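Asker: the sequence and its predicted three-dimensional model are supplied below.
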Amino acid sequence: MRAAWWAVLALASCRATASEGSHVPAASTTPTELVVRALASGEDGLIVRCGKLVTCDALDTIFTPGVIVVRNGKIEGVAERCNVPDGFAIYDFPDATVAPGLVDLHTHIHSGSFGDINDMVLPVNPEYRSSPTIVPGNRLIRRGLAGGVTTLFGIPGSGTSMAGFGVLYKSKLGSSYDDSVLADPGGLKVAEDSNPQRDAGDFGAGRGALSWLIQQVNDRAKGAIREGRYDPALENLKKVHTKELPILIHTAGSDGIVNTARMWRVNNDTRSTLSHGCFDAWKTSSAVIALGMTVNNGPRTIEWFSSREGRVVGICAEYLKNGAKNLSMNTDSPVVAEEELALQSAMSSRYGADDLTMLRALTIHPAIAFGIDGRVGSLESGKDADVVVWNGWPLDPRSRVELAVIDGSVEYDRARDGQIF
């Protein structure tokens with residue numbers, strides 16, 4: 001019965017996203033042409049020509065047709081057309097759509113399994129990092145890449161309230177740790193309800209005690225900042241309170257998300273993003289949004305069992321109605337397979353969210369939330385050349401990835417590597 005239900009949902013999503021319709025702004029009508037200089041000695045470059053190029057920039061610029069020029073791993077320019085000097089590798093996809101590489105801020109596939117840090121002894125572990133567990137280019141990362149995912153935040157689990165610091169990395173294949181990592185540490189992982197509630201009978205069994213534990217370690221870190229005191233266990237947490245590092249917070253429910261926003265935006269002034277935000281959390285989201293909290297929804301994107309609305313509720317649509325800015329999506333992979341990140345937005349679009357907004361929720365919005373939008377999230381000059389070619393609209397579940405480029409290197413080519421996903 002459940003398989004049949006998912007089949008109905010997927011078919012409905014196909015019908016909704018097969019053509020972008022009125023959700024997507026009209027393409028630019030001004031012909032633009034890039035003048036590209038030849039490659040100098042020691043330089044490398046590629047040019048991708050396509051039927052449509054979606055930049056996800058601040059103006060939502062779309063080129064039809066489109067071309068993107070890459071030199072030495074960076075985007076040199078985007079336009080409708082360009083000259084083609086000798087030496088550039090040329091990729092022609094006249095009927096395809098080019099979009100930025102997808103960004104997932106909540107993942108656990110960096111070790112190739114669920115073998116990330118999930119210590120269950122101490123309730124808060126600000127000294128921990130997921131970096132020792134990362135296996136670049138493992139089989140799960142490879143499948144995610146074949147689904148268009150090029151940047152991931154690999155984080156500890158939610159067994160404790162402050163599980164440690166994650167790593168932002170690229171889904172490069174056959175690369176070293178240094179070549180794939182974007183930032184280590186990339187941010188803090190916190191869990192404020194459900195999973196970390198302790199069964200040992202000690203302090204931390206309820207949400208009130210969990211909140212006390214989290215605030216107590218925050219106060220210790222802020223005290224170390226005031227006193228100029230070095231504390232090895234708190235050095236990264238101090239960077240959270242000086243806004244050098246962001247936070248991703250596992251929290252859900254209409255009660256949980258308000259407490260999260262109050263702690264991390266009022267009691268502690270931080271660069272924080274609420275992750276999950278399901279189980280009727282949208283009903284109190286206006287209060288969270290008013291405090292400036294950004295939301296990273298997933299892996300549940302719709303509600304039907306817990307809803308009392310008499311309908312299937314699209315969670316993202318409700319957040320957007322309440323004014324959410326820089327809304328993003330996650331898979332919590334492998335809870336949802338990494339290669340299905342685009343499907344998370346497709347289903348959200350099917351249930352009421354704007355289609356182009358939901359593409360931005362996979363690209364520029366998570367990049368802005370974590371302060372990496374200067375490098376990834378949109379196709380603009382000077383940014384990392386993380387480029388994905390789809391044979392259709394990216395949020396159509398029937399579309400597949402034809403080519404995935406990271407830092408100017410072709411990491412996945414369906415014609416060369418076969419269809420992995």
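Answerer: Done, it's in.
Asker: surely G186 is in a strand?
Answerer: Yes: the assignment for G186 by DSSP: H, G, I helix; E, B strand; the rest coil puts it in a strand.
Asker: roughly how far does it sit from N326?
Answerer: 17 Å (Cβ to Cβ, to the nearest Å). Where C-beta positions appear, they are placed from N, C-alpha and C, glycine not excepted.
Asker: and those two? Which one has more around it.
Answerer: Neighbours per residue, other Cβ atoms under 10 Å: of G186 and N326, the larger number sits with G186, 28 against 17.
Asker: now that one, nearest residue through space, not along the chain?
Answerer: L168 (3.3 Å; Cβ to Cβ, 6 or more residues apart in numbering).
Asker: next, count neighbours for that neighbour.
Answerer: Neighbours of L168 (other Cβ under 10 Å): 25.
Asker: what is the helix or strand that contains it packed up against?
Answerer: Assigned by DSSP states H and E, L168 belongs to strand 162-170. When contacts are defined as 3 or more Cβ pairs under 8 Å, 6 or more residues apart in numbering; DSSP states H and E, strand 162-170 sits against strand 149-154, strand 181-191, helix 207-227.
Asker: those into JSON lines, with extra columns for mean pLDDT and distance to V336?
Answerer: As requested, the helices and strands packed on strand 162-170 are arranged in JSON lines below (pLDDT from 0 to 100; distance: least, Cβ to Cβ, whole Å):
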{"stretch": "strand 149-154", "mean pLDDT": "98", "distance to V336": "12"}
{"stretch": "strand 181-191", "mean pLDDT": "97", "distance to V336": "18"}
{"stretch": "helix 207-227", "mean pLDDT": "94", "distance to V336": "25"}
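Asker: okay, these in a markdown table with distance to W393 next?
Answerer: Converted to a markdown table, these look like this (distance: least, Cβ to Cβ, whole Å):
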| stretch | distance to W393 |
| --- | --- |
| strand 149-154 | 17 |
| strand 181-191 | 27 |
| helix 207-227 | 41 |
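Asker: close enough to count as contact, Q419 and R400?
Answerer: Yes: with contact defined as Cβ atoms under 8 Å, Q419 reaches R400; the gap is 6.5 Å.
Asker: who has more neighbours, those two?
Answerer: When neighbours are counted by other Cβ under 10 Å, Q419 and R400 differ, and R400 comes out ahead with 17 against 10.
Asker: per-residue confidence for the more buried one?
Answerer: You'll see R400 listed with a pLDDT of 97.
Asker: ok, the closest residue to it other than its chain neighbours to V69 distance?
Answerer: For R400, ignoring the flanking residues on the chain, the nearest one in space by Cβ to Cβ, 6+ apart is N391 at 5.5 Å. N391 is 22 Å from V69, where distance means Cβ to Cβ.
Asker: same check on L182?
Answerer: From L182 to V69 the distance is 23 Å (Cβ to Cβ).
Asker: ditto for S286
Answerer: Taken as Cβ to Cβ, the span from S286 to V69 is 43 Å.
Asker: compare these two (neighbour count), which wins?
Answerer: Between S286 and V69, V69 has the larger neighbour count (other Cβ under 10 Å), namely 24 against 14.
Asker: quickly list what the more buried one is bridged to.
Answerer: V69 has the following beta-bridge partners by DSSP bridges: I47, G77.
Asker: residues contacting it?
Answerer: 34, 36, 45, 47, 75-78, 82, 88 (Cβ atoms under 8 Å, 6 or more residues apart in numbering).
Asker: tell me which of those is nearest to L359?
Answerer: V78 (15.9 Å; Cβ to Cβ).
Asker: in the stretch 1-150 of the chain, where is pLDDT below threshold?
Answerer: For the stretch 1-150 of the chain, applying pLDDT under 70 flags the ranges 1-31, 114.
Asker: give me the distance from the strand holding L168 to the chain's centre.
Answerer: 13 Å (Cα atoms, centre = their mean, to the nearest Å).
Asker: so where does the spatially most central residue of the chain fall, helix or strand?
Answerer: Note on the chain: the residue nearest the mean C-alpha position is D104, at 2.4 Å, using Cα atoms, centre = their mean. Per DSSP H and E: D104 is located in strand 102-107.
Asker: go through the helix or strand just after that strand and flag the buried ones.
Answerer: Proceeding N to C from strand 102-107, the next assigned helix or strand is helix 139-146, under DSSP H and E. Within helix 139-146, the residues scored as buried using 16 or more other Cβ atoms under 10 Å are 140-146.
Asker: helix 139-146 - contacts with which helices or strands?
Answerer: Against helix 139-146 (3+ Cβ pairs under 8 Å, 6+ apart) you get strand 401-406, strand 409-413.
Asker: kindly export stretch 47-57 (C-alpha atoms) in PDB.
Answerer: Provided in PDB are the C-alpha atoms of stretch 47-57 (Å, rounded to 0.1, in the frame of the first residue of the first chain):
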ATOM      1  CA  ILE A  47      32.700  25.500 -22.700                       C
ATOM      2  CA  VAL A  48      29.200  24.100 -22.300                       C
ATOM      3  CA  ARG A  49      26.500  25.100 -24.800                       C
ATOM      4  CA  CYS A  50      22.900  24.300 -24.000                       C
ATOM      5  CA  GLY A  51      19.200  25.000 -24.800                       C
ATOM      6  CA  LYS A  52      18.600  26.800 -21.400                       C
ATOM      7  CA  LEU A  53      20.900  28.100 -18.700                       C
ATOM      8  CA  VAL A  54      19.500  28.900 -15.300                       C
ATOM      9  CA  THR A  55      21.900  31.000 -13.300                       C
ATOM     10  CA  CYS A  56      20.100  31.200  -9.900                       C
ATOM     11  CA  ASP A  57      21.700  34.700  -9.600                       C
END
